[in-house]
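Undergrad: this one's structure only:
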């Protein structure tokens, strides 16, 4: 009696299960660095079409590097740290640009700055305490809420900056639409960033308690 051999199903490893290397020069890391430079150039030159294109390209590349790292199995310790550092530098530059060019956005900028500062300080404390734990451990990663809030922050600042530039170039209808989308994105950012800040503070507190035991 002939029996057909059934193909064995091998589940694809999730990103958290994939090995993390010590490599520095990887395709995702290069994209992160180049994308960050494009975003910074775009923020500083957003009053031109070239600058707006650079800003959009830079922000889109920020969404590509993580997917490529998983697809190419090129997740690295540097990449895990480089991406949030890139986000913080670009985010700070974008907030500075908004506060300088749009006085009405100062309350929003202050709110974002407060939430992002809380996340950054809690993460720095957690990283410090994490290194003091015995044995080799996996690097700390952003939570899902942290990733979502970072994406919504990038969308908020990009839309508002380009909207302001479109307004200065005389494209009033496009400017109104872009600003409206930016405010909608900000409304989504607030709860996500609040949850992420709470998670990072709790993680830092838990690691501090672990070190004291």
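TA: Right, received. Where do you want to start? Computed from a predicted model, the values in this text were never measured in an experiment.

Undergrad: can we go C-alpha only for contacts and neighbour counts from here?
TA: Fine.

Undergrad: Ranking helices and strands of the chain by mean pLDDT, which lands last?
TA: helix 49-71 (a mean of 83; mean pLDDT, DSSP states H and E).

Undergrad: residue contacts, the residue nearest to residue 47 when sequence neighbours are not counted?
TA: Distances taken as C-alpha to C-alpha, 6 or more residues apart in numbering place residue 165 nearest to residue 47, at 5.0 Å, with adjacent residues excluded. The neighbourhood of residue 165, defined by C-alpha atoms under 8 Å, 6 or more residues apart in numbering, consists of 46-48, 175.

Undergrad: residues of the least confident helix or strand of the chain that come out buried?
TA: Buried residues in helix 49-71, counted by 16 or more other C-alpha atoms under 10 Å: 51-59, 61-62, 65-66, 68-70.

Undergrad: Among the residues you listed, which one lies nearest to residue 87?
TA: Using C-alpha to C-alpha, residue 62 is the member of those that lies nearest residue 87, at 8.3 Å.

Undergrad: That closest one: what's it in contact with?
TA: Per C-alpha under 8 Å, 6+ apart, neighbours of residue 62: 31-32, 35-36, 83.

Undergrad: Kindly report the same for residue 47.
TA: 165-166, 168-169.

Undergrad: pLDDT weak spots in the chain?
TA: Confidence mapping of the chain against pLDDT under 70 gives the ranges 1-19, 21-23, 135-137, 211-213.

Undergrad: circling back: make TSV out of the contacts of residue 47 and add distance to residue 129 and secondary structure.
TA: Shown next, in TSV, are the contacts of residue 47 (distance: C-alpha to C-alpha, whole Å; DSSP: H, G, I helix; E, B strand; the rest coil):
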residue	distance to residue 129	secondary structure
165	43	helix
166	46	helix
168	48	helix
169	50	coil
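
Undergrad: circling back to that earlier point, between which two of the buried residues of helix 49-71 is the distance greatest?
TA: Greatest spatial distance in these: 51 and 70, 29.9 Å, computed using C-alpha to C-alpha.

Undergrad: Just give me the residue closest to the centre of the protein.
TA: Most central in the chain under C-alpha atoms, centre = their mean is residue 150, positioned 4.1 Å from the mean C-alpha point.

Undergrad: For that one, which residues are in contact?
TA: 87, 193.
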